[in-house]
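Engineer: below: sequence and its predicted model.
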Amino acid sequence: MEQPYEGIYQRFDFQNHWVIRNGVLRRIKPSSYRRRINYQRSEEFLTSRRQQCTLKLSYSRKLKSHKDFLDRYLPQKNKSHVIEKPEIFGNISLASYKKKMVATNFKWIFSPEETMEPEIMKGAVKDWVKRLEFKTGHKFDWQAAIHTDTAHPHAHILINGVDKDGKGFRFSRNIVTSEARNQAQECLTNILGERRQELIDAANDRRIIADRFTEYDEFLQSLEKPVENDKRFGTSIFRMSDVTYQRRLEHLKDLGIAEYSDGKYLLEHNWQDTLKSLGRYNTFIDARRHLHGKEKYNLVLYTEDMGPIKGNVRFLYMMDDEATWSNAYVIQDKNGKGYFVPLFNPPDVNLLFKNVSLSLKTSQSGKLTPVVKEIKDPEMDKEFEKKFEKFYGDFLKR
């Protein structure tokens, strides 16, 4: 019997997930734990008769961002090619919402797998928000719009950061990771009926060419053979007779993390980590093209355990909730190594192509967050070196 452990290890050990299995406390690395949960979701997605829905949540604590999203992004005033602008709808009038809005705001993307007429999707959005209110115990003030300018129509839902009683709130991890999706599946199934077999077959087919780590890659790992003394490629897999896995290998080649030569596929060092990073940040592979030098594959996802770094800002990404899923800097150090640095807030455009230092500070929630500053003079560079030495001194004492 396995159950989550909520004791002292869960509280202070952020590098591991702890569970009780058969009465014994055991540690599971985050990647293994997440992979297991993701595979359970994948299996459901590939076989379930319940309607499926992709949900994404982002939030901001800036009133300017809140107003901009409401006035420009929801009605698509930022897109001149959209001639017929979407209608904004919600549980209160737009004027009333503007009077009550605060800096904190939550933005949900609600994207059903089944194509729906806008009016039907509106009904689904309203039902889903009511279910979310019931699960959270808060009555929201919200506005939404349905965007039909992409291949897949979807809704954007903007929720004010205080409820109708004037109380601030946050969405719990359980809501974000599972409950919001469960409620979306339930309300869509009630409206549309059971999922069609054609959608299930199409989902299975898309899974083969997914831009993220999947169960197909888990199997490919078992077939890998080491490649000796190669700077770029670490393993190889022979061409396969199984059409499904052959298609997967071809997709890895199309992504640029594998090459085909002499009857076998050569896969880059840590290709699995690259796929996992791409699954979280859809611009991760694109970021490679902004690095200098021949070794553009030398890009890693920056994590707090890497500590302070110095380098040049080669590119930056600004989240737009559709084409770009996150804010990030792409920093390349003097040795040519590239770092994809995710951010909570938009990056400073004035730092593009500047030499910068990245240090870490503790946020109000207790998490380490990156702080990127331009290196303007030698004294600042020396100050950074002191921070660098102090960080690793403290880190090694942990």
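Structural biologist: Yes, it's here.
Engineer: middle-most residue in this protein, spatially?
Structural biologist: When C-alpha atoms, centre = their mean is applied to the chain, the residue found nearest the centroid is residue 280 (3.5 Å).
Engineer: what sits against that one?
Structural biologist: Applying C-beta atoms under 8 Å, 6 or more residues apart in numbering to residue 280 gives the contacts 301, 326. Placement of C-beta: from N, CA and C, glycine included.
Engineer: now residue 104, nearest residue through space, not along the chain?
Structural biologist: Take residue 104 and drop its neighbours on the chain: the residue closest to it by C-beta to C-beta, 6 or more residues apart in numbering is residue 161, 2.7 Å away.
Engineer: now swap in residue 291 and tell me
Structural biologist: Closest residue in space to residue 291, ignoring its immediate chain neighbours: residue 338 at 4.6 Å, by C-beta to C-beta, 6+ apart.
Engineer: check residue 107 too.
Structural biologist: The shortest distance from residue 107 to any non-neighbouring residue, by C-beta to C-beta, 6+ apart, is to residue 58 (5.0 Å).
Engineer: same question, residue 255
Structural biologist: In this structure, residue 255 finds its nearest non-sequential neighbour in residue 285, 6.0 Å apart by C-beta to C-beta, 6+ apart.
Engineer: I'd say the one you found and residue 278 touch.
Structural biologist: Yes - with contact defined as C-beta atoms under 8 Å, residue 285 counts as touching residue 278 (5.5 Å).
Engineer: neighbour count winner among these two?
Structural biologist: Of the pair residue 285 and residue 278, residue 278 is the one with more neighbours under other C-beta atoms under 10 Å, namely 22 against 19.
Engineer: that's a helix at the more buried one, yeah?
Structural biologist: Yes - under DSSP: H, G, I helix; E, B strand; the rest coil, residue 278 sits within a helix.
Engineer: about what we covered before: for the residue nearest to residue 291, list each beta-bridge partner.
Structural biologist: Per DSSP bridges, the residues bridged to residue 338 are residue 299, residue 332.
Engineer: also the one 5 residues further on?
Structural biologist: Taking DSSP bridges, one obtains residue 327 as the residues bridged to residue 343.
Engineer: contacts only, for it.
Structural biologist: Shown in contact with residue 343 (C-beta under 8 Å, 6+ apart): 326, 327, 328, 329, 370.
Engineer: are any of the residues you listed buried, and which?
Structural biologist: 326, 327, 328, 329, 370 (16 or more other C-beta atoms under 10 Å).
Engineer: for the third one, give me its contacts.
Structural biologist: Which is residue 328. Going by C-beta under 8 Å, 6+ apart, residue 328 touches 281, 283, 287, 316, 317, 340, 341, 342, 343, 347.
Engineer: strands - which of those residues land there?
Structural biologist: Members of these lying in strands (criterion: DSSP state E): 316, 317, 340, 341, 342, 343.
Engineer: contacts for stretch 70-85 next, please.
Structural biologist: 86, 88, 94, 97-98, 101, 143-145, 147, 149, 156, 158, 321.
Engineer: quick one: it to chain centroid distance?
Structural biologist: Centroid separation for stretch 70-85 versus its chain: 24 Å, with C-alpha atoms, centre = their mean, to the nearest Å.
Engineer: also stretch 223-237?
Structural biologist: Mean C-alpha position of stretch 223-237 versus that of the full chain (C-alpha atoms, centre = their mean) differs by 29 Å.
Engineer: in that stretch, what counts as buried?
Structural biologist: Neighbour-count burial for stretch 223-237 flags 227, 233, 234, 235, 236, 237 (criterion: 16+ other C-beta under 10 Å).
Engineer: and that stretch, C-alpha only, in PDB?
Structural biologist: The C-alpha coordinates for stretch 223-237 follow below in PDB (Å, rounded to 0.1, in the frame of the first residue of the first chain):
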ATOM      1  CA  LEU A 223      17.000  -0.500 -26.600                       C
ATOM      2  CA  GLU A 224      19.800   2.100 -26.400                       C
ATOM      3  CA  LYS A 225      23.400   1.100 -27.000                       C
ATOM      4  CA  PRO A 226      26.200   3.400 -25.800                       C
ATOM      5  CA  VAL A 227      28.200   5.500 -28.400                       C
ATOM      6  CA  GLU A 228      31.800   5.900 -27.400                       C
ATOM      7  CA  ASN A 229      33.700   9.100 -27.400                       C
ATOM      8  CA  ASP A 230      31.200  11.300 -29.200                       C
ATOM      9  CA  LYS A 231      30.800  14.900 -28.000                       C
ATOM     10  CA  ARG A 232      27.200  15.100 -29.200                       C
ATOM     11  CA  PHE A 233      25.700  11.600 -29.300                       C
ATOM     12  CA  GLY A 234      25.600   9.300 -26.300                       C
ATOM     13  CA  THR A 235      23.500   6.300 -27.500                       C
ATOM     14  CA  SER A 236      22.200   4.600 -30.600                       C
ATOM     15  CA  ILE A 237      19.200   2.600 -31.700                       C
END
